[in-house]
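>>> Give the three-dimensional model of this entry:
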Amino acid sequence: MRIMMIAAAAIFAVAPPAFAQSGAPAPEAQQPQAQQAPAITKVEVVDLADLPPQVQTQVTTAADQSTEADLQNMRASIDAHEMAAAALKDAGVTSDIVIAAAMSPDGTLTLITKKG
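The predicted structure is shown next:
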């Protein structure tokens, strides 16, 4: 399972790249396709301690590389998303303990928490 930190805006959508205004439009063949983030269809809340040791190491490494501002932006986005906030509430936790998030191609958002 590939774990990645999801920036605040990336949870909901990926914006198409901006092109510098050069007077002439970029040729069609050279414009990259804008990738859309999959729609969130399901949210899973998993505690770090419940993951296999190798995955725990990957998540911890990714979380350690995140700044506090990155985490706060991610948590604010989670709180703003009704399905994600409800999943945390159902699990009896808040976004304050979410340390990472992973989005699968099928639309499953996995929120990884770390208790105390």
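
>>> Nearest residue to Ala91 in space, ignoring adjacent ones along the chain?
Distance criterion CB to CB, 6 or more residues apart in numbering; nearest residue to Ala91, sequence neighbours excluded, is Val45 at 4.1 Å. C-beta coordinates here come from the backbone N, C-alpha and C atoms, glycine included.

>>> Over to Gly107?
Thr41 (3.5 Å).

>>> quick one: the one you found from Ala76, how far?
As judged by CB to CB, to the nearest Å, Thr41 and Ala76 stand 22 Å apart.

>>> circling back to that earlier point, helix, strand or coil: sort out the residue nearest to Ala91 for me.
Following DSSP: H, G, I helix; E, B strand; the rest coil, Val45 is assigned to strand.

>>> what's the burial count for it?
Close neighbours of Val45, defined as other CB atoms under 10 Å, add up to 19.

>>> Sketch out the helices for this structure, chain order is fine.
Using DSSP state H, the helices of the chain run over 53-64, 68-80, 82-91.

>>> which stretch among the ones you listed comes nearest Ala100?
Ala100 lies closest, by CB to CB, to one member of the helices of the chain: helix 53-64, at 5.1 Å.

>>> And the closest one, what's buried?
By neighbour count on 16 or more other CB atoms under 10 Å, the buried set for helix 53-64 is 55-56, 58-60, 62-63.
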